[in-house]
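Trainee: Please work out how this folds:
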Amino acid sequence: MPLDKEKARKNIKDILNRMEKNTDASLLHEYYKLFKKEVPFFKRSFASAWLFMNYDEKETPRFRAAEKKQEARDKPQEKQAPTASRPTEAERKKPTADKPGSISASDSPLSEKTVIEKTIITIPEEESKHLFVSIGKNRRLFPKEIITLLLTQTSCAREDIGSIRILDNYSFVQVRDSKADEIIEKITGHKFRGRTLTVNYAKAKVDDGGAE
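Mentor: You can find the predicted model right below:
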């Protein structure tokens, strides 16, 4: 068995502690005299080390076993989740919305993020305006960030924001015409990504199929 120095040091401390507190001093003195008489002076240290080696080899496995038991007691027991019964064919085909306690897409905690990042709103051209925004790809801008900006800084709802086209230095955003003036007023001068934004009506019609 290889020497576990840390464990051996603990055993030495344990021996000294037990010798001082739990030993018959007169009996220990008799052993001391006998050991001193029978073991030559130059061999006493090695004899003591040999005795300790045997003690340590016996105690170390016990110590490790006790450590493992303590670790097992300290480790939190994982509760096994009850096994859910498999749904029947009728339950699998039944619409989720009809099930008690079901969560619809609009109630899901992920729905807002999904709407912002994934949904492309189509606004008829006759009901929309295209706006120029003075920030683009060079500021690591993405459509979802423009959408979030408009939702948080104006009274726009998600359905008021249509296609978004982001170029290197600026972007074009299609919005519902009833919200265009408010967006220009509230977003112009707003600091975003280290820039002061400017928003105007786009000079030319921007034809873009959706958020990039």
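Trainee: Flag the shaky bits of this structure, pLDDT-wise.
Mentor: Where the chain drops to pLDDT under 70, the residues are 1, 60-68, 70-71, 74-119, 204-212.
Trainee: Please parse it into its domains.
Mentor: 5-74, 111-201 (automatic domain parsing).
Trainee: What lies in contact with stretch 176-194?
Mentor: Defining contact as Cβ atoms under 8 Å, 6 or more residues apart in numbering, one finds that stretch 176-194 is touched by 123, 127-129, 131, 133, 135, 139-141, 149-150, 153-156, 159-162, 175, 196-201. Where you see a C-beta, it was placed from the backbone N, CA and C, and this is true even at glycine.
Trainee: Would you list the buried entries among those residues?
Mentor: Using 16 or more other Cβ atoms under 10 Å as the burial test, the contacts of stretch 176-194 include 123, 128-129, 131, 133, 135, 141, 149-150, 154, 156, 160-162, 175, 197, 199 as buried.
Trainee: Of these, which belong to strands?
Mentor: Among these, the ones falling in strands (DSSP state E) are S128, K129, L131, V133, I161, G162, V175, V199.
Trainee: okay if I get those residues as TSV plus distance to H190?
Mentor: Below are those laid out as TSV (distance: Cβ to Cβ, whole Å):
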residue	distance to H190
S128	22
K129	19
L131	13
V133	10
I161	16
G162	20
V175	15
V199	9
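Trainee: Go through the residues you listed and say which is closest to F41.
Mentor: The shortest approach to F41 among those belongs to V133, at 94.3 Å (Cβ to Cβ).
Trainee: so that closest one makes contact with I146?
Mentor: Yes: with contact defined as Cβ atoms under 8 Å, V133 reaches I146; the gap is 6.9 Å.
Trainee: Now do the shared contacts for those two.
Mentor: In contact with both V133 and I146: S171, V173, using Cβ under 8 Å, 6+ apart.
Trainee: Test of understanding: give the bridge partners of S128.
Mentor: When bridges are called by DSSP bridges, S128 pairs up with R176.
Trainee: and what of F132?
Mentor: F172, N200.
Trainee: Number of residues surrounding it?
Mentor: Applying other Cβ atoms under 10 Å, we find 17 residues neighbouring F132.
Trainee: With the one 10 residues further on instead?
Mentor: Burial of F142 is recorded as 14 neighbouring residues (other Cβ under 10 Å).
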